[in-house]
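Participant: need a structure here:
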Amino acid sequence: MTLGCNAIISGDPWDVRFFILQCDDIMNRFGRTKDRFSVKALQLHRIYRFISSIEHTTHLQTQDQYLATLQANSMFPEGIEFIRQIPEKRYKDPYGLRWLTGPAEVDDAGDLLGLPTSLLRLIAKTSSAINELRSTASISDESLNDFNARTSVLENEICSWKPAIPHHSCADDEQDARTTMRLALSTAIHHALLIYFYRCVRGVMPMILQHYVESVAQNLETYHEFKLLFYPQGARIGTVVWPSFIASCEAQDTDIRQRLLTCLRYGALSGFKNGEKAEVVVKEVWRRRDAGEANASWRNILEELGAILVLT
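Facilitator: Numbering: from 1, shown residues only. Okay, here's the model as predicted:
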C-alpha cells in the first residue's frame, strides 16, 4: 500500500491497481482464514478499502489495455504475468466483498479521515453496478430484472444514508471543529456519490443535480476553512480530490465551477499531484458541454485518453 500511496502522490498512478490487486491476492490467500484481526491489520485494511473504493470509480481500462500500460512503463515480467492470470471478472470488480471485521472495527475509518465505512461501501457498490450496467446488453431479461431490483435497493441505501454525528459531554472548540469537519467531508462525499450514482447508473441530466453540485462545493469549502483555522500546519489532513472532481464535471454555473476548481486544487496545496490530471479532464468536460455536447462525460474522456486517475 505504501508503493500505491507514493504513486498517487506523484500524480502518475499507473501501477496503483497492480498493488491493490496484490493486496487482494494476499487477503484471499492468507487473511481470510482468520476470524478476528488485530487493530494494526484493520488500520491497514482501512487504507486499502479507502484507496480501492475511490480507485475503482475512475479506473476504466480493460485488462488488455492495462497490460499494455504496464508494458509501456516497463513493469517486470512477473508482474505482467500476475495481471494476465487474474480472471477478467475479478479484474473488473476486485473489491466488492473485501471488508474485514474484528474487535476494533466500527462504522468509521478511525484515524483515516474520519470517513464512515458504510459510505465507502456504497461507493464500491455503485462502481460495481456501473460495471455491470455496461454489460447488460447481452444478458437475459431475468438477469436484467434482477439487476434493476438490486440497483433500486442500492438507490434507497444511498438516498437514506446519513452521517453519524458524535455527541461529546464536554466538547471544546477543537472538538467542535473536528465534528464540523467530519460532517462537512462526509456530506461532500455523500452528495458526490449521489451525483455519481444518478449520472452513471440512472443517466439523470446534470441540470437536475445542481443542488448536489453546489452542496459539494459548500461543504468542501467549510472543511477547508476549519482545517486552516484549527490545523494550520496540517495541510495534508483529509485532502480528498474525488468529490470535487465528480461535482466539477457536472457543474453548469460559472461561479460554482470556479469554486469547485479551487477545491480540486486543495490537493496540490497539500503536495499531491493527482488533482492536476483531474483538472485537465474537468476542463475538457466543460469545453465539450459548452460547445453543445450535452452527453460529454468524464468517463468518455478518460477512455479516449487512456488516462488513469486515482482521486484519493
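Participant: spatially central residue in this structure, please.
Facilitator: Per CA atoms, centre = their mean, the C-alpha nearest to the average position across the chain is that of Ile54, at 2.3 Å.
Participant: just the element for that residue, please.
Facilitator: Assigning secondary structure by DSSP states H and E places Ile54 in helix 39-58.
Participant: same thing with Leu228?
Facilitator: helix 210-230.
Participant: what comes into contact with stretch 244-260?
Facilitator: Defining contact as CB atoms under 8 Å, 6 or more residues apart in numbering, one finds that stretch 244-260 is touched by 57, 191-192, 195-196, 199, 206-207, 209-210, 212-214, 216-217, 220-221, 261, 263-264, 266, 275, 278, 281-282, 285-286, 289, 297-298, 309, 311. Backbone N, C-alpha and C define where each C-beta goes, glycine included.
Participant: which of those count as buried?
Facilitator: Buried by 16 or more other CB atoms under 10 Å: 57, 191-192, 195-196, 199, 206, 209-210, 212-214, 216-217, 220-221, 261, 263-264, 266, 275, 278, 281-282, 285-286, 289, 297-298, 309, 311, out of those.
Participant: Ala67 against Arg84, yeah?
Facilitator: For residue 67 the amino acid is Leu, not Ala. Yes: applying CB atoms under 8 Å, one finds Leu67 in contact with Arg84, separated by 6.2 Å.
Participant: where does this protein have low pLDDT?
Facilitator: Across the chain, the ranges flagged by pLDDT under 70 are 1, 30-35, 94-114, 136-138, 166-172, 234-238, 271.
Participant: chain center to the helix holding Leu228, what's the gap?
Facilitator: 18 Å (CA atoms, centre = their mean, to the nearest Å).
Participant: got the CA coordinates for it in PDB?
Facilitator: Below are the C-alpha coordinates for helix 210-230, written out as PDB (Å, rounded to 0.1, in the frame of the first residue of the first chain):
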ATOM      1  CA  GLN A 210     -27.100  21.100  -9.500                       C
ATOM      2  CA  HIS A 211     -28.200  21.400  -5.900                       C
ATOM      3  CA  TYR A 212     -25.900  18.500  -5.000                       C
ATOM      4  CA  VAL A 213     -23.100  20.000  -7.000                       C
ATOM      5  CA  GLU A 214     -23.400  23.300  -5.000                       C
ATOM      6  CA  SER A 215     -23.600  21.300  -1.800                       C
ATOM      7  CA  VAL A 216     -20.300  19.600  -2.500                       C
ATOM      8  CA  ALA A 217     -18.600  22.900  -3.100                       C
ATOM      9  CA  GLN A 218     -20.100  24.400   0.100                       C
ATOM     10  CA  ASN A 219     -19.100  21.500   2.300                       C
ATOM     11  CA  LEU A 220     -15.600  21.300   0.900                       C
ATOM     12  CA  GLU A 221     -15.100  25.000   1.500                       C
ATOM     13  CA  THR A 222     -16.400  24.600   5.100                       C
ATOM     14  CA  TYR A 223     -14.000  21.700   5.700                       C
ATOM     15  CA  HIS A 224     -11.000  23.700   4.300                       C
ATOM     16  CA  GLU A 225     -11.900  26.800   6.300                       C
ATOM     17  CA  PHE A 226     -12.000  24.900   9.600                       C
ATOM     18  CA  LYS A 227      -8.800  23.000   8.700                       C
ATOM     19  CA  LEU A 228      -6.900  26.200   8.100                       C
ATOM     20  CA  LEU A 229      -8.300  27.700  11.300                       C
ATOM     21  CA  PHE A 230      -7.700  24.800  13.700                       C
END
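Participant: report the contact partners of Asp173.
Facilitator: Phe230.
Participant: how close does it get to Phe226?
Facilitator: 10 Å (CB to CB, to the nearest Å).
Participant: what does Thr126 give?
Facilitator: 28 Å.
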